[in-house]
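Student: Need coordinates for the below:
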Amino acid sequence: MIRAGRQHLVRTLADLAAQQGVGIDHYTRLKPYAAEGFPAPVSSEGSRTRLYDGEQVDAYLLGKPVPPLPEGEDDGDLLDRRECAALIGVAPASWDVYKRDPALTEARIEAGGVDHWPRHAVKAFQAGRPGDAAQRTGRPKSTGDQVPRDQVPGLVAELLDADPTVSAATVTERLGVHRNTGQDALTRLRADRIADHIETHPTLTPAEAAAQLGYPAGQVRRATARAETVLRARRIAPYLDDVAAALHRAGWTTTEAAPDVQFPGDDRVVAALVLDVDQAPVPALVWDERYGWRTAASRRHPIAKGAALPSEGGGVRYLTGGITPPPGDVVTALTL
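Tutor: Take a look at the predicted model:
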């Protein structure tokens, strides 16, 4: 977490690289931040973006004792999504839904390119939540009202928190959603949690991780398959982020946004990067783990539906260089 009153001291890896007078690619290859004694990140464990306290880093680089961060809890502490979820006792997927609450939207603070919320705002939100999620969100008697689609993941997460064996039929009954909607949300959540568990216990198979989480074997065939895809997506994420950064440095994106990663059919990883600057050579890029990079003719719908590979032509061109060419090579290929 970012301790109260220290937001102005937050530094990203890019900031640390600039401080040392080197490029971010060179800096992340050398990994000086992995050296013994280097200050620990202030971002939560497992976060994709590492954040550091600048005062601690400066002291370390000058060979001085690294000052400790304030201890205890302060209502002004800034928490990321994992820390917010832990504070109110839900899964991060649930927080991704709760953060859309107007009070939390207004309280959101960006630090180091990462969304944070003050501890006091999270506590106030928790205090204002009604009791059991299922009781407050189920379809009322004699009405046909259903839960809004964007609230389903968070509400299913709460049901799964309360009962790991919950079925799609139960989700349908308790939330008043279509069975396919409930099944899809349940599969996605279980897959994410299986992947989380495997990252903590790398020797486990998806089936073993599912069993340890209490998921019935007969209900998780799709979830275990998707978990393997999720893990592959997490492993490739740093590379995709590096390409996104290279495209931003080339001046073809207005922000260094993370790629939009999707799992068509639950069994493959596909990511899209929209080039939103007028002078960009193409509207978008798509990465598919089967073939690597291709261009796309549409910014709104760069990823084609179905498993078939799009044919070249009409704005579609496959880039050479293998599945994971260096980010610089991707930029160069777009200029040819």
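Student: now for the helix or strand hosting Asn180, which elements pack on it?
Tutor: Here Asn180 sits within helix 179-200, counting by DSSP states H and E. For helix 179-200, the packing partners by 3 or more C-beta pairs under 8 Å, 6 or more residues apart in numbering; DSSP states H and E come out as helix 152-162, helix 168-175, helix 206-212, helix 221-249. C-betas here are computed from N, CA, C, even on glycine.
Student: Could I get the full set of strands for this structure?
Tutor: In the chain, the strands defined using DSSP state E lie at 10-12, 51-53, 78-79, 109-111, 114-118, 260-262, 270-274, 284-288, 292-296.
Student: Ala86: how many residues sit nearby?
Tutor: Residues near Ala86, counting by other C-beta atoms under 10 Å, number 14.
Student: quick one: it from Asp80, how far?
Tutor: Distance, Ala86 to Asp80, using C-beta to C-beta, to the nearest Å: 10 Å.
Student: Equivalent analysis for Pro325, please.
Tutor: 32 Å.
Student: closest to Arg235 out of the strands of the chain?
Tutor: When the strands of the chain are compared by C-beta to C-beta, strand 260-262 sits nearest Arg235, at 11.8 Å.
Student: outside of the closest one, which residues touch it?
Tutor: Strand 260-262 has contacts (C-beta atoms under 8 Å, 6 or more residues apart in numbering) with 233, 237, 240, 269-274, 303.
Student: List the contacts of the most centrally placed residue in the chain.
Tutor: In the chain, the centroid-proximal residue (C-alpha atoms, centre = their mean) is Arg48; its distance is 7.3 Å. Going by C-beta under 8 Å, 6+ apart, Arg48 touches 237, 241, 258.
Student: same question, Ala245
Tutor: 14, 24, 256, 327.
Student: swap in Trp287?
Tutor: By C-beta under 8 Å, 6+ apart, Trp287 lies in contact with 240, 243, 259, 270-273, 293.
Student: So what sits opposite it in the bridge?
Tutor: Assessed by DSSP bridges, Trp287 has beta-bridge partners Ala271, Trp293.
Student: Report pLDDT for it.
Tutor: Note on Trp287: pLDDT of 95.
Student: and what of Pro130?
Tutor: pLDDT, Pro130: 48.
Student: sorry, back to before: neighbour count for the contacts of Trp287 - can I get that in CSV?
Tutor: Output for those, formatted as CSV (neighbours: other C-beta atoms under 10 Å):
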residue, neighbour count
Leu240, 21
Val243, 23
Pro259, 22
Val270, 20
Ala271, 24
Ala272, 20
Leu273, 25
Trp293, 24
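Student: any chance of those residues in CSV, with distance to Tyr318 too?
Tutor: Shown next, in CSV, are these (distance: C-beta to C-beta, whole Å):
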residue, distance to Tyr318
Leu240, 17
Val243, 16
Pro259, 18
Val270, 14
Ala271, 15
Ala272, 15
Leu273, 15
Trp293, 7
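Student: tell me the contacts of Ile323?
Tutor: Residues near Ile323 by C-beta under 8 Å, 6+ apart: 289, 291-292.
Student: List just the nearest of these to Asp150.
Tutor: For the contacts of Ile323, the nearest to Asp150 is Glu289 (28.0 Å; C-beta to C-beta).
Student: This completes my enquiry, with thanks.
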